[in-house]
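Participant: Predicted structure and sequence below. I'll ask about it afterward.
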2 protein chains.
Amino acid sequence: MSATDDGAAFETSPRNRVVRRPARGRYDKATVYDILDSAMLCHIAYVIDGQPYCTPTSFWREGDHLYWHGSSASRMLRSQSAGLPVCLTVTHMDAIVLARCGFNHSINYRSVMAYGHAHLITDPVEKRTAMDRFIERFFPGRSSLLRPPSAQEIKATSFVGMAIEQASGKIRNEPVHDDEADYAVPAWTALLPIRTVVGAAEECPRQMAGVTRPEGMAGYAAGRPLDAIMLETYRTLYGEAAAAGNAATGPATDSDTI
Amino acid sequence: MSATDDGAAFETSPRNRVVRRPARGRYDKATVYDILDSAMLCHIAYVIDGQPYCTPTSFWREGDHLYWHGSSASRMLRSQSAGLPVCLTVTHMDAIVLARCGFNHSINYRSVMAYGHAHLITDPVEKRTAMDRFIERFFPGRSSLLRPPSAQEIKATSFVGMAIEQASGKIRNEPVHDDEADYAVPAWTALLPIRTVVGAAEECPRQMAGVTRPEGMAGYAAGRPLDAIMLETYRTLYGEAAAAGNAATGPATDSDTI
C-alpha cells in the first residue's frame, strides 16, 4: 500500500494506514486532495497535557500544506504554535444506506485524515498573504472588493500552517448490499442521499444601492452542493494544475442540485 | 459560568470553558443535548502514543452517556477500550456570513465538544440493547422489521460508551455585522444559508414486491434538513422528557425545506 509513484501518493505507516475496512483506504494525492479541497470545514484533533481536543474550523490547502485560522486568544493556537502534532480530518456524508439487517446498515462518505505538526504563521508578509488567500480560496475575486485589513485586525488575526506529513483518504460509495438469504426479509431498503447545499442568499439589509452579486459569487447559486462549490472555487484560485488531479471520489462533487 | 442549577448545566473548568468568543459558550444541558441529538455524525479525538487522531463516526446519546460504534479491529476501539480520554465533537454549519472586510467574515454554526473516558461495552445484554438502539434512534420502528443479528454479527460488532464528564456548546447565529464606516464599501454582502438535507430515496432494486416505505421512515422526506430529522427521531425513541429540553439553538432544527 506504499507509494507507487514518488510524490503522487502518501507513504503509509501505522499512523495513516486504514485499519478498519482497508479496501476503502486511498493514499494517492489526487484523491486525498480532492476530498480536502471539496470542504470548507474540518475538525482538528490536538492534545494538551494528555487531554485530546477536537475543534471545528475552516481551512484551505496550498500544495502539500494546510492552513487554518484562529484568534491568538484561542487555546488551540497557543498550544499549536509550539509545533504540536495534529490530525486534521474532513468528512463528507453522502448517503445513509438502509439494509435488511442491522449489520449491513452503513453510511456512504468521503473522508481524509491528514497528519503533521502545526506552526503559527509569524512572518508578516506570509500572514498578510494568508489573509487574502483565506478570502480568495472561498470567494473568487472578493479580497479586492473589501476594505483592506487594518493594523489592529492584522494583529488580532492568526493563522496556523501544517505540512502534510502523511494522509489517508477513505471512501465508501456503494449501494445497498444484503446477504443473499435476507432479500426475502420484507424490510423497506433504500439509499438516502445526503447533501450539504447552499440556500438562497439573504442580502444584507444595508446593501449599498446598485451593488449586485458579483460574478465571483455566481457559483453559490441556491440549491448547489457546497462540496462542488468548494472544489470549483479552489480551482479558480489555484488552477486545475495546482490541484493534484481530477480523481472521481464520489457522487457529490458534481453540480447537480438536490 | 459554572452551573446555576445542579444537573441542568455542566460544570466548567479550563477543559471545557469556551476561550475564544466566550459569549458564544453554552453550558446548559438543554442546549448541549439538542445540538448533539440533531446530529448523526460526530468527530472523535483520541491519543495513541502522543499522536492525536480525529475519526468521524455515527453516535447517539442516552441521558448523560454517548455511544458509538466500530469493529473490534479498529485502532480507535483497541485504544479506547482501556478507558482513554476522548473529546467528541458535533458541528452543524448553518450559514456563511459575508461582510465588507475580511475580518468580519464568519460562519454561523452550532457545535458541542463533550469530554469523557471511553470504554468498550462488553456486557452481552448491554451490547445487544445497543445494537437495537443504534437502529431505533435513527430509524423509528425499524429494528423489529429487520432480520435479527446473528451470533457472528454480534461478535463482530463493538460499541463504545462514554459518560459525559463535561461539555460545552458554542453557537453563532448572527446576521452580517460591519464596522459603521464600512457600510460605504461597495462589496456585495449576504448571509448564505447552508443546510444538510436528505434527497429522494433510491430504493433497492431488489425491493420485495408490496414493500413500501414504513411510517417510521416518513420523516426522511426528500428536501428535509438532516438535523431536524435527527432531533425528531431521537424524541420518537426517547421522548421529549428524556431530552433535556427544547432550547432554541439555531435556525436549522425546523422542518422547513431548502
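Facilitator: Perfect, I can see it now.
Participant: Which strand residues bridge residue A:52?
Facilitator: Per DSSP bridges, the residues bridged to residue A:52 are residue A:47.
Participant: Touching, it and residue A:45? I think so.
Facilitator: Yes: with contact defined as CB atoms under 8 Å, residue A:52 reaches residue A:45; the gap is 5.9 Å. Any C-beta I mention is one placed from the backbone N, CA and C, and that applies to glycine too.
Participant: Comparing these two, which shows the higher neighbour count?
Facilitator: A direct count of neighbours by other CB atoms under 10 Å in any protein chain shown for residue A:52 and residue A:45 places residue A:45 higher, at 28 against 22.
Participant: Surely that one touches residue B:51?
Facilitator: No: if you go by CB under 8 Å, residue A:45 and residue B:51 don't touch, sitting 9.3 Å apart.
Participant: Need the overlap of contacts for these two.
Facilitator: residue A:87 (CB atoms under 8 Å, 6 or more residues apart in numbering or on different chains).
Participant: what sits in contact with each of residue A:52 and residue A:45?
Facilitator: Residues touching both residue A:52 and residue A:45 (CB under 8 Å, 6+ apart) are B:45, B:46, B:52, B:87.
Participant: would JSON lines of those residues with pLDDT be doable?
Facilitator: Formatted as JSON lines, those follow (pLDDT from 0 to 100):
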{"residue": "B:45", "pLDDT": "95"}
{"residue": "B:46", "pLDDT": "92"}
{"residue": "B:52", "pLDDT": "94"}
{"residue": "B:87", "pLDDT": "96"}
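Participant: Could you work out the most separated pair of those?
Facilitator: B:52 and B:87 (9.6 Å; CB to CB).
Participant: what touches both of the two?
Facilitator: A:45, A:52, B:45, B:46.
Participant: Now do the same contact list for the residue nearest the centre of chain A.
Facilitator: Nearest to the mean C-alpha position of chain A, by CA atoms, centre = their mean, lies residue A:39 at 3.1 Å. Going by CB under 8 Å, 6+ apart, residue A:39 touches A:59, A:90, A:92, A:227, A:230.
Participant: what helix or strand is the residue nearest to the first one when sequence neighbours are not counted on?
Facilitator: If you skip the residues right next to it in sequence, residue A:59 has residue A:68 as its closest partner in space, 4.0 Å away by CB to CB, 6 or more residues apart in numbering or on different chains. Taking DSSP states H and E as the criterion, the element that holds residue A:68 is strand A:65-71.
Participant: outside of that strand, which residues touch it?
Facilitator: Identification of contacts with strand A:65-71 by CB under 8 Å, 6+ apart yields A:36, A:42, A:44, A:57-61, A:76-77, A:88, A:114, A:116, A:121, A:130, A:133-134, A:156-164, B:20-21.
Participant: Any stretches of the stretch 101-250 of chain A with poor pLDDT?
Facilitator: Along the stretch 101-250 of chain A, the model assigns pLDDT under 70 to residues A:240-250.
Participant: If we use 90, what do you get?
Facilitator: Low-confidence segments of the stretch 101-250 of chain A (pLDDT under 90): A:119-124, A:155-158, A:239-250.
Participant: What ranges does it have for its helices?
Facilitator: In the stretch 101-250 of chain A, the segments counted as helices under DSSP state H, counting those that start in this stretch are A:124-136, A:151-156, A:226-242.
Participant: okay, these, which one's buried deepest?
Facilitator: Mean neighbour count (mean count of other CB atoms under 10 Å in any protein chain shown) peaks for helix A:226-242 among these, with a mean of 18.
Participant: Mind giving me the packing neighbours of it?
Facilitator: The elements that helix A:226-242 packs onto, with contact taken as 3 or more CB pairs under 8 Å, 6 or more residues apart in numbering or on different chains; DSSP states H and E, are helix A:29-37, strand A:51-62, strand A:190-198.
Participant: for it, the distance to its chain's centre please.
Facilitator: Between the centre of helix A:226-242 and the centre of its chain there are 12 Å (CA atoms, centre = their mean, to the nearest Å).
Participant: same question, stretch A:112-125
Facilitator: Distance, centroid of stretch A:112-125 to centroid of chain: 15 Å (CA atoms, centre = their mean).
Participant: Convert it to CSV, retaining C-alpha atoms only.
Facilitator: Provided in CSV are the C-alpha atoms of stretch A:112-125 (Å, rounded to 0.1, in the frame of the first residue of the first chain):
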residue,chain,number,x,y,z
VAL,A,112,-9.4,12.3,4.9
MET,A,113,-7.2,12.3,7.9
ALA,A,114,-4.1,14.4,7.5
TYR,A,115,-1.2,14.3,9.9
GLY,A,116,1.5,16.9,10.6
HIS,A,117,2.9,19.4,13.1
ALA,A,118,1.1,22.7,13.3
HIS,A,119,3.1,26.0,13.4
LEU,A,120,1.9,29.6,13.9
ILE,A,121,2.4,31.9,10.8
THR,A,122,4.6,34.7,12.2
ASP,A,123,6.2,36.2,9.1
PRO,A,124,4.2,39.5,8.4
VAL,A,125,4.3,39.0,4.6
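Participant: how about the residue lying closest to residue A:141 once chain neighbours are set aside, what does it touch?
Facilitator: Using CB to CB, 6+ apart and skipping the chain neighbours, the partner closest in space to residue A:141 is residue A:216 (3.5 Å). By CB under 8 Å, 6+ apart, the contact set of residue A:216 is A:139, A:140, A:141, A:142, A:236.
Participant: Among those, name the buried ones.
Facilitator: A:139, A:140, A:142 (16 or more other CB atoms under 10 Å in any protein chain shown).
Participant: How about the second one, nearest residue that isn't a chain neighbour?
Facilitator: Take residue A:140 and drop its neighbours on the chain: the residue closest to it by CB to CB, 6+ apart is residue A:216, 3.9 Å away.
Participant: how far away is the one you found from residue B:20?
Facilitator: 29 Å (CB to CB, to the nearest Å).
Participant: Show me which positions of the lengthiest strand in chain A end up buried.
Facilitator: Ranked by residue count under DSSP state E, the longest strand found in chain A is strand A:106-120. For strand A:106-120, the buried set under the neighbour-count rule, 16+ other CB under 10 Å, comprises A:106-116, A:118-120.
Participant: filter the residues you listed down to the ones near chain B?
Facilitator: A:107, A:109, A:111, A:113, A:115 (CB under 8 Å from any CB of the partner chain).
Participant: pretty sure the third one contacts residue A:170?
Facilitator: Yes: between residue A:111 and residue A:170 there is a contact under CB under 8 Å: 5.0 Å.
Participant: residues contacting residue A:86?
Facilitator: A:44, A:45, A:46, A:80, A:115, A:116, A:117, A:118, A:162, B:52.
Participant: mind checking which helix or strand the nearest residue to the third one once chain neighbours are set aside is in?
Facilitator: Once its chain neighbours are removed from consideration, residue A:46 has its nearest residue in residue A:86; the separation is 4.8 Å (CB to CB, 6+ apart). Here residue A:86, judged by DSSP H and E, is contained in strand A:85-97.
Participant: ok and that strand relative to helix B:226-242, angle-wise?
Facilitator: If you take axes from the mean of the first three to the mean of the last three CA atoms, to 10 degrees, strand A:85-97 sits at 90 degrees to helix B:226-242.
Participant: hmm, stretch A:88-102 touching chain B?
Facilitator: Yes: using CB under 8 Å from any CB, stretch A:88-102 reaches chain B at A:88, A:89, A:91, A:93, A:96, A:98, A:99, A:100, A:101, A:102.
Participant: how far is that stretch from where the chain is centred?
Facilitator: That offset, for stretch A:88-102, works out to 17 Å (CA atoms, centre = their mean).
Participant: same check, this time on stretch A:166-174
Facilitator: 13 Å.
Participant: orientation of the longest strand of chain A relative to strand B:51-62 in degrees?
Facilitator: 140 degrees.
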